[in-house]
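# coordinates for the following, if possible.
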Amino acid sequence: MSGALEKALAAIAAGRIVVIAGDRLRGGDIDLMIAAKHVTPEAINFMATHGRGLICLAVTPERAGQLSLSLVNPGPDRQTGRPFARSIEASEGVSTGISAADRAHTVQVAIAEAATSAHIHSPGHVFPLIAKAGGVLERASACEASIDLSRLAGAGDAAVICSIMRDDGEMARIDDIGDLIAVHGLEVAEIGALIARLEGADA
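You can find the predicted model right below:
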């Protein structure tokens, strides 16, 4: 395993935010990521402040089924390529739903072992993404990568991700966030390295 990937997995296991780079379906967009089991209001606020993209909950098809979530647009027509389900909110324990604390609570409710559709309402302020069952080996995107990384780190099978925008509103690339990485000590997980790791494990 590459040294950078090993460091990223250790950070994920410790409940820290990392950067995912190398999304092949979004032209190299980069994302902040934390294992969903470790999400906190502080982590959501960090993503909203420094990522500024849409904060999403990546889940497995099994978890989606447990919550009665399905793809908003499962067919090929008018498809953006983003595997969105309907937005969600915890059915209890939130106020407006959009605060960092409310969104963190919604994530924790949605990933609870016994969670069902009764525990969430729609629409809400958390945006689920339903990953491919085969992970990055089936679809090389940040959604699948975040779940594979969480699993490898022993941190469950759900993750919160947020794409990163530059100050000018354009989507950031890894070379744009050197200061963010340095100031906050963020580790970087390359999807290519993750794929190589998983392919090696399957060999």
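# what about the closest residue to L67 other than its chain neighbours, neighbour count?
Leaving out its chain neighbours, the residue that sits closest to L67 by Cβ to Cβ, 6 or more residues apart in numbering is S117, at 5.6 Å. Any C-beta I mention is one placed from the backbone N, CA and C, and that applies to glycine too. Neighbour count for S117, taken as other Cβ atoms under 10 Å: 13.
# state the distance from S117 to A64.
Taking Cβ to Cβ, to the nearest Å as the measure, S117 falls 11 Å from A64.
# list phi and psi for the residue nearest to L67.
Dihedral angles of S117 (phi, psi; degrees, to the nearest 10) stand at phi -60, psi -20.
# which residues does the closest residue to M165 other than its chain neighbours bridge with?
Distances taken as Cβ to Cβ, 6+ apart put R52 closest to M165, at 4.4 Å, once the chain neighbours are dropped. Beta-bridge pairing of R52 under DSSP bridges involves I164.
# pretty sure R52 sits against E170.
No - using Cβ atoms under 8 Å, R52 is not in contact with E170; the gap is 11.2 Å.
# what sits against the residue nearest the centre of the chain?
Centroid-nearest residue in the chain: I161, 2.9 Å away (criterion: Cα atoms, centre = their mean). Taking Cβ atoms under 8 Å, 6 or more residues apart in numbering as the criterion, I161 is in contact with I20, D31, L32, M33, I55, C56, A58, L129, A142, C143, S146.
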